[in-house]
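> from the sequence below, what's the structure:
(2 chains)
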Amino acid sequence: MSHHITLKLFATLRSYIPPQADHFAIAPGTTVADVIRDLNIPEKDAKLIFINSVRKDRDTLLQDGDRLGIFPPVGGG
Amino acid sequence: MAGPHIRDQLTLRSVERQRPDGSAYRSLSLAVVQQLARDFDQSLRRVEQSALEMAIIPERYIRNVATLSPEDQHRLLDCSVCVVGVGGLGGSVAEMLARIGVGRLRLVDGDRFEESNLNRQRFADTASLDKPKAQIAREAIAAINPAVEVTALTEYLTTDNGPAIIGDADIAIDCLDSLPARLSLQTACRHKQIPMVSAAVAGMSGQITVFYPEDEGLAALYGDLSAAADRGAETTLGNLPFAVTMLASLECSEAVKILLGRQQTLHGHLLIFDLTDLTFDIVQLAE
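Numbers count the residues shown, from 1 in each chain, chains lettered A, B, ... in the order given. Next up is the predicted model:
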């Protein structure tokens, strides 16, 4: 029985958006780091991670129904 | 001696007018502000403040009312804001703060305008190319709101000169474009014990927050700062004008709320957006 999350990738990470990002299947026990690795997102670009609008670290275990957002470092002005 | 006199003149030379909702107010025109400043040898800013103390509204600020009270407007005229970086974010920030009536601005940028700035930077035009950004902004603001006292600092803020550059500013606004520069600003703000509004843009996305000296600060956004890159996704995506000016607006809104002591700000939170698919989110930075 897989879980599903809503996955939102910002800015340069948009190119890593998988099909069905709004209903993205994960195995129970999947962490944020697992998702980053599975999608081939470069480590250095996955700086700001938030789950259900709260900043979390990459070791966080994902739950069914979570809304995961990943934002790369941005610095323009 | 001048005190009672200027009050008499303000009463005599202000006129009753109506706001669009029909409410009445006493209005003071720009020409009268300028005349009284000459007659009483006072700054335009001081004349405007004297008027506001009598609930007479300089006409140039009437559309700030009633979202801002005369007391709020008076307080803004007392405030000093340090705008660090006078490019895409900073040019629009400086303009908006001048228009709303922040009394003193310190504009900091060691850079000169170049052609690649023309897509988004408020004071970049074909005539200002190769000219110092801070100085051009000061001249433009003098034409927009001459009551604002602008100090143009045509140098880059560093860890060494940071406290002197911030001077007596009540708040600093990060309009910079690199992480090392932001870190220098954060260090200076902590030294001076003032809050910092910080924003960054890449392409059609951006982020903005408010840091106080005791906060985790930029490390909350960029992770281990010693290992972080100097620049981010904007090196690939560029900076689009509407994303930049939107962030500039948000920075001004947060700065004005902080200056006026209003409670609901982004402190402890990061507002992020991506205009590509119209995503807006406010993220809690610490649990």
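
> ranges for the helices of chain A?
Taking DSSP state H as the test, the helices found in chain A are A:32-38.

> same question, chain B
B:2-13, B:30-39, B:44-53, B:70-78, B:88-100, B:133-144, B:162-166, B:179-192, B:219-222, B:234-237, B:241-259.

> columns mean neighbour count on top of those, output as JSON lines?
All C-beta spots, glycine's among them, are computed from the backbone N, C-alpha and C. Below are the helices of chain B laid out as JSON lines (neighbours: other Cβ atoms under 10 Å in any protein chain shown):
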{"stretch": "helix B:2-13", "mean neighbour count": "14"}
{"stretch": "helix B:30-39", "mean neighbour count": "16"}
{"stretch": "helix B:44-53", "mean neighbour count": "22"}
{"stretch": "helix B:70-78", "mean neighbour count": "19"}
{"stretch": "helix B:88-100", "mean neighbour count": "26"}
{"stretch": "helix B:133-144", "mean neighbour count": "20"}
{"stretch": "helix B:162-166", "mean neighbour count": "19"}
{"stretch": "helix B:179-192", "mean neighbour count": "21"}
{"stretch": "helix B:219-222", "mean neighbour count": "20"}
{"stretch": "helix B:234-237", "mean neighbour count": "18"}
{"stretch": "helix B:241-259", "mean neighbour count": "21"}
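
> how about the ones you listed, which one is nearest chain A?
Relative to chain A, the nearest member of those by Cβ to the nearest Cβ is helix B:234-237, separated by 3.1 Å.

> still on that earlier bit, any chance of the helices of chain B in CSV, with mean pLDDT and distance to B:A228 too?
Shown next, in CSV, are those (pLDDT from 0 to 100; distance: least, Cβ to Cβ, whole Å):
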stretch, mean pLDDT, distance to B:A228
helix B:2-13, 86, 54
helix B:30-39, 98, 47
helix B:44-53, 98, 41
helix B:70-78, 98, 35
helix B:88-100, 98, 20
helix B:133-144, 98, 26
helix B:162-166, 98, 19
helix B:179-192, 96, 6
helix B:219-222, 92, 4
helix B:234-237, 88, 14
helix B:241-259, 98, 20
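
> save those as JSON lines, and put in distance to A:A46 too.
Listed next are the helices of chain B as JSON lines, based on distance: least, Cβ to Cβ, whole Å:
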{"stretch": "helix B:2-13", "distance to A:A46": "59"}
{"stretch": "helix B:30-39", "distance to A:A46": "53"}
{"stretch": "helix B:44-53", "distance to A:A46": "48"}
{"stretch": "helix B:70-78", "distance to A:A46": "40"}
{"stretch": "helix B:88-100", "distance to A:A46": "25"}
{"stretch": "helix B:133-144", "distance to A:A46": "34"}
{"stretch": "helix B:162-166", "distance to A:A46": "31"}
{"stretch": "helix B:179-192", "distance to A:A46": "17"}
{"stretch": "helix B:219-222", "distance to A:A46": "12"}
{"stretch": "helix B:234-237", "distance to A:A46": "15"}
{"stretch": "helix B:241-259", "distance to A:A46": "21"}
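
> can you add distance to chain A and give the ones you listed back as JSON lines?
Below are those laid out as JSON lines (distance: least, Cβ to the nearest Cβ, whole Å):
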{"stretch": "helix B:2-13", "distance to chain A": "41"}
{"stretch": "helix B:30-39", "distance to chain A": "32"}
{"stretch": "helix B:44-53", "distance to chain A": "28"}
{"stretch": "helix B:70-78", "distance to chain A": "24"}
{"stretch": "helix B:88-100", "distance to chain A": "4"}
{"stretch": "helix B:133-144", "distance to chain A": "12"}
{"stretch": "helix B:162-166", "distance to chain A": "17"}
{"stretch": "helix B:179-192", "distance to chain A": "6"}
{"stretch": "helix B:219-222", "distance to chain A": "6"}
{"stretch": "helix B:234-237", "distance to chain A": "3"}
{"stretch": "helix B:241-259", "distance to chain A": "8"}
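
> B:E251 is in contact with B:A199, isn't it?
Yes: the criterion here is Cβ atoms under 8 Å, and B:E251 meets it with B:A199 at 5.1 Å.

> what residues do the two have in common as contacts?
Residues within reach of B:E251 and of B:A199 at once, by Cβ atoms under 8 Å, 6 or more residues apart in numbering or on different chains, are B:89, B:174-175, B:208.

> and the two most separated of those residues?
B:C175 and B:I208 (11.1 Å; Cβ to Cβ).

> ok, those two, which is more surrounded?
Taking other Cβ atoms under 10 Å in any protein chain shown, B:C175 and B:I208 do not tie; B:C175 has more neighbours (30 against 25).

> tell me which parts of chain A are close to chain B?
A:8, A:10-12, A:14, A:44-45, A:47-48, A:50, A:53-55, A:69, A:71-77 (Cβ under 8 Å from any Cβ of the partner chain).

> identify the contacts common to B:C175 and B:I208.
B:199, B:251.

> how about chain A: which residue is closest to chain B?
A:G76 (3.1 Å).

> thinking again about what came up before, tell me which of the helices of chain B sits nearest to B:G110.
Nearest of these to B:G110, taken as Cβ to Cβ: helix B:133-144 at 8.1 Å.

> helices or strands up against the closest one?
Other helices and strands packing on helix B:133-144, by 3 or more Cβ pairs under 8 Å, 6 or more residues apart in numbering or on different chains; DSSP states H and E, are helix B:88-100, strand B:104-108, strand B:149-153.

> for the first one, list the C-alpha coordinates in PDB.
Taking Å, rounded to 0.1, in the frame of the first residue of the first chain, the C-alpha atoms of helix B:88-100 are listed here in PDB:
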ATOM      1  CA  GLY B  88      16.300  45.700  -9.200                       C
ATOM      2  CA  LEU B  89      15.000  45.300  -5.700                       C
ATOM      3  CA  GLY B  90      16.700  48.400  -4.200                       C
ATOM      4  CA  GLY B  91      15.600  50.900  -6.900                       C
ATOM      5  CA  SER B  92      12.000  50.100  -6.500                       C
ATOM      6  CA  VAL B  93      12.300  49.800  -2.700                       C
ATOM      7  CA  ALA B  94      13.900  53.300  -2.600                       C
ATOM      8  CA  GLU B  95      11.200  54.800  -4.800                       C
ATOM      9  CA  MET B  96       8.300  53.300  -2.800                       C
ATOM     10  CA  LEU B  97       9.700  54.300   0.500                       C
ATOM     11  CA  ALA B  98      10.200  57.900  -0.800                       C
ATOM     12  CA  ARG B  99       6.700  58.000  -2.100                       C
ATOM     13  CA  ILE B 100       5.100  56.700   1.100                       C
END
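
> done for today, thanks.
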